[in-house]
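how does the following fold in three dimensions:
(one chain, ligands or ions: 1)
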Amino acid sequence: MKLKMILAATLMAMGLGAHAQQPLVIKLSHVVADATPKGQASIKFKELAEKALPGKVQVQVFPNSQLFGDGKEMEALALGDVQIIIPSLAKFGKYTPKLQIFDLPFLFDDLAAVDRFQASKEGQALLKSMEKKNIIGLGYLHNGMKQLSANKALNTPADAKGLKFRIQSSDVLEEQFKAVGGNPQKLAFSEVYQALQTGVVDGTENPWSNIYSKKFHEVQGFIMDSNHGILDYMVITNAKWWNGLAPDVRKALDGAMQEAIKYGNKIAEEEGNDYRAKVIADNKAKVLPMSKENLMAWRTAMKPVWKKFEGEIGADLIKAAEKANK
Ligand code: LMR
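Below you'll find the predicted structure:
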């Protein structure tokens, strides 16, 4: 009996026990294409995590809403059916009203300002704002500035009047389009192309990498260089699962994720314009510049949205974010 136990212990120590050979499977699900900052960061995370923990982990990446789409992915994370997801910050309204700050129109001048705010004390605290709901934020990831698009040119806010706009599931974005007389409709990302194609909606807003990789420019006549808001993400995981990992595994996974985020952010910063150029080269939608005056008119029309959400978000937090514009 004693010999049997010693043998079993020796086999375990050598990694030959029945369980020792099973790698930890980590499912990472997201809704965009591989050829986007988020798609590329996810693939990089798989590569780095499996390299750091050889044979110990297996990362399975599911892009394009293949495993879970909007609406279902948060539930799946809570149930442990997926371990890491990377939703847009516009999709956290139900979990913490503070993250709505990222949807305020014309708040951030550019991605560098977003970076500065996210690195600040206030920005870092937001990563922990959902721990009571069993969600841990491992970091922020960029996509880019959003551009307005529609089946007609949107030069001034008056041009948006009466148009139906697809929006992410965000109350701030709903108010943003109402402020210019539009009719916003919350739709999952996987439904956008068809909704634009069939005229269920007339327009939308998204950064260049999403527009190009999902071919929205093929079903929209006009895309404005509006840069009126940002689309950014939080990489999140199930807190119970994460805290239950062996400390060395957790540390290695965190290290791999921080590197993958840096990699994705670099793509977002350096290649945003390439996706724009590809849309122009495809020659399907007209890409129109926005004059300073017209941009100011959009800014003025949308600005009242800030006041509406100041109570939920916090005036101090908005001030801290504004300070990040230099
Ligand atoms: C959208 O729904 O438009 C975006 O949040 C999709 C994404 O993940 O970039």
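
name the element G264 belongs to?
helix 247-282 (DSSP states H and E).

for that helix, which positions count as buried?
252-254, 256-257, 259-261, 263-265, 267-269, 271-272, 275-276, 278-279 (16 or more other C-beta atoms under 10 Å). (C-beta placed from N, C-alpha, C; glycine too.)

cool, stretch 316-325 as well?
Going by 16+ other C-beta under 10 Å, stretch 316-325 has these buried residues: L317, I318, A320, A321, A324.

which one of those is nearest the ligand?
The closest of the buried residues of stretch 316-325 to the ligand turns out to be A321 (C-beta to the nearest ligand atom; 19.5 Å).

if I look at the residue lying closest to the closest one once chain neighbours are set aside, how far off is I84?
Among residues not flanking A321 along the chain, F117 sits closest, at 4.9 Å (C-beta to C-beta, 6 or more residues apart in numbering). From F117 across to I84, the span is 23 Å (C-beta to C-beta, to the nearest Å).

ok, back up a step: how far off centre is the helix or strand following the helix holding G264?
On the C-terminal side of helix 247-282, the closest following helix or strand by DSSP H and E is strand 286-288. Centroid displacement of strand 286-288 relative to its chain, using C-alpha atoms, centre = their mean, to the nearest Å, is 25 Å.

so which of the buried residues of stretch 316-325 sit within strands?
Secondary structure from DSSP state E places none of the buried residues of stretch 316-325 in strands.

re earlier: contacting residues for the residue nearest to A321?
Residues near F117 by C-beta atoms under 8 Å, 6 or more residues apart in numbering: F108, G123, A320, A321, K323, A324.

so the last one makes contact with L111?
When you say that, I think you mean A324. No. Using C-beta atoms under 8 Å, A324 makes no contact with L111, being 10.9 Å away.

show residues contacting stretch 174-184.
Contacts of stretch 174-184 (C-beta under 8 Å, 6+ apart): 103, 105, 157-158, 160-167, 173, 186, 203, 229, 298, 301-302, 304-305, 308-309.

so which bits of that stretch are buried?
Those would be E174, E175, Q176, F177, A179, V180, G182, P184, for stretch 174-184 by 16+ other C-beta under 10 Å.

re the thing from before, and the pLDDT for the residue nearest to A321?
With respect to pLDDT, F117 has a value of 98.

give me phi/psi at it?
phi -70, psi -40 (degrees, to the nearest 10).

ok, it to A324 distance?
Relative to A324, and taking C-beta to C-beta, F117 is found at 4 Å.

between those two, what contacts are shared?
Common neighbours of F117 and A324 (C-beta under 8 Å, 6+ apart) are F108.

okay, now whatever residue of the stretch 151-300 of the chain ends up closest to the ligand: neighbour count?
Among the residues of the stretch 151-300 of the chain, F189 lies nearest to the ligand; the distance is 3.5 Å by C-beta to the nearest ligand atom. Close neighbours of F189, defined as other C-beta atoms under 10 Å, add up to 23.

what of the one 10 residues further on?
G199 is flanked by 10 other residues according to other C-beta under 10 Å.

how about the residue lying closest to it once chain neighbours are set aside, what does it touch?
In this structure, G199 finds its nearest non-sequential neighbour in N151, 7.9 Å apart by C-beta to C-beta, 6+ apart. Residues near N151 by C-beta under 8 Å, 6+ apart: G199, D202, G203, Q220, G221, F222.

try 7 Å this time
Contacts for N151 (C-beta atoms under 7 Å, 6 or more residues apart in numbering) come out as D202, G203, Q220, G221.

residues touching the helix or strand hosting E205, excluding its own?
According to DSSP H and E, E205 maps onto strand 203-206. With contacts defined as C-beta under 7 Å, 6+ apart, strand 203-206 is touched by 146-151, 163, 165-166, 192, 196, 216, 220, 231.
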